[in-house]
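>>> Sequence first, then the predicted structure, then my questions.
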There are 2 protein chains.
Amino acid sequence: MMSEALRQFKTEIFQGLANPTRIAMVELLRDGELSAGKLIEKLGIEQANASQHLAVLRAKQIVVSRKAGNQVYYSIRDHALIEVLDILRGYFYAQLNTTVHMLKEVARESPKSRLITRR
Amino acid sequence: MMSEALRQFKTEIFQGLANPTRIAMVELLRDGELSAGKLIEKLGIEQANASQHLAVLRAKQIVVSRKAGNQVYYSIRDHALIEVLDILRGYFYAQLNTTVHMLKEVARESPKSRLITRR
DNA sequence: ACGCTATATTAGTAATTTCGAATATACTAA
DNA sequence: TTAGTATATTCGAAATTACTAATATAGCGT
């Protein structure tokens, strides 16, 4: 059986990543740290919005930050998270293949004309 | 660079898992399919609530369902998701160890008395 | 057809999330 | 100290989520 604490931990990680902007941020940090400003520039979003998303990522223990002079550099706290994203990429393409395969089946079984709206 | 579709897909998977009840459901399905009723029984939650969570898991492509007579059996759509949960388990214990280690450091460096509130 | 069981859906509400605008804080350079 | 730059926080509105209660649907046995 799984402990309550572990389940809560997983929930928080998933909540932390349950937003396209935050996923994009983590992906941008894949190859190393970046300043908040760089992230904002690459994402093309409002400064306040980026800062809020970074606060969520910090709160959920997904990233860590390091202050250097005027700037704050962010990096991924644990490489395990990158692994997670990579697994999902594989999953995504597997599903994509399944879908394409299914569409091909459908296309083979029914002539195109039947899928076109008559007028 | 990552495609928009892939990022959206990841976001939806994370949203799907960003809830302790739904994580518990997926964990319960780890070793094979279970009926909705069994899940409700094991989780001890409202029937309607469970059904809604299952609808989310279906919508996010996390589980698939199979109808057999009166009942509906759920199973995990792709084992990759179990892998993801396992990676996070490892991450969790790693962080736990770090925390324990840090607490030990703190304890060694400062005598207990300094942590006790004076009156 | 009827009642019974399993599951899903809808409606209403409270809590949470997301965003932009405005403001605050921290550091640097002059 | 003042001005400028980088980042964080607060506030309020709109959107989304999670829950309970009520209702609906589907299959089974009689």
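Yep, that arrived.

>>> and the residue in chain A positioned nearest to DNA strand D, how many neighbours?
Closest residue of chain A to DNA strand D, C-beta to the nearest atom of the strand: A:G37 (2.5 Å). Any C-beta I mention is one placed from the backbone N, CA and C, and that applies to glycine too. Other residues lying near A:G37 total 14 when counted by other C-beta atoms under 10 Å in any protein chain shown.

>>> Distance from the chain centre to the helix or strand containing it, please.
A:G37 belongs to helix A:36-43 when assigned by DSSP states H and E. In this view, helix A:36-43 has its centroid 16 Å away from the chain centroid, taken as C-alpha atoms, centre = their mean, to the nearest Å.

>>> At which residues are the helices of chain A located?
Shown for chain A, the helices assigned by DSSP state H span residues A:4-17, A:20-28, A:36-43, A:47-59, A:80-109.

>>> The first one and DNA strand D, are they touching?
No - applying C-beta under 7 Å from any atom of the strand, one finds helix A:4-17 out of contact with DNA strand D, separated by at least 8.3 Å.

>>> tell me the angle that helix makes with helix A:47-59.
Going by axes from the mean of the first three to the mean of the last three C-alpha atoms, to 10 degrees, helix A:4-17 is angled at 160 degrees with respect to helix A:47-59.

>>> Would you mind writing the CA trace of helix A:4-17 as PDB?
The C-alpha atoms that make up helix A:4-17 are tabulated as PDB, following Å, rounded to 0.1, in the frame of the first residue of the first chain:
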ATOM      1  CA  GLU A   4      -0.600   9.100   2.300                       C
ATOM      2  CA  ALA A   5       2.500  11.300   2.200                       C
ATOM      3  CA  LEU A   6       3.700   9.700  -1.000                       C
ATOM      4  CA  ARG A   7       0.300  10.200  -2.700                       C
ATOM      5  CA  GLN A   8       0.200  13.800  -1.600                       C
ATOM      6  CA  PHE A   9       3.700  14.300  -3.000                       C
ATOM      7  CA  LYS A  10       2.800  12.900  -6.300                       C
ATOM      8  CA  THR A  11      -0.400  15.000  -6.400                       C
ATOM      9  CA  GLU A  12       1.600  18.100  -5.900                       C
ATOM     10  CA  ILE A  13       4.100  17.300  -8.600                       C
ATOM     11  CA  PHE A  14       1.300  16.600 -11.000                       C
ATOM     12  CA  GLN A  15      -0.500  19.800 -10.000                       C
ATOM     13  CA  GLY A  16       2.800  21.700 -10.500                       C
ATOM     14  CA  LEU A  17       3.100  20.300 -14.100                       C
END
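
>>> what packs against that helix?
The helices and strands touching helix A:4-17, judged by 3 or more C-beta pairs under 8 Å, 6 or more residues apart in numbering or on different chains; DSSP states H and E, are helix A:20-28, helix A:47-59, helix B:4-17, helix B:20-28, helix B:80-109.

>>> want to throw those into CSV with mean neighbour count and mean pLDDT?
Formatted as CSV, the entries for the helices and strands packed on helix A:4-17 read as follows, by neighbours: other C-beta atoms under 10 Å in any protein chain shown; pLDDT from 0 to 100:
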stretch, mean neighbour count, mean pLDDT
helix A:20-28, 20, 97
helix A:47-59, 15, 98
helix B:4-17, 19, 94
helix B:20-28, 20, 97
helix B:80-109, 14, 78
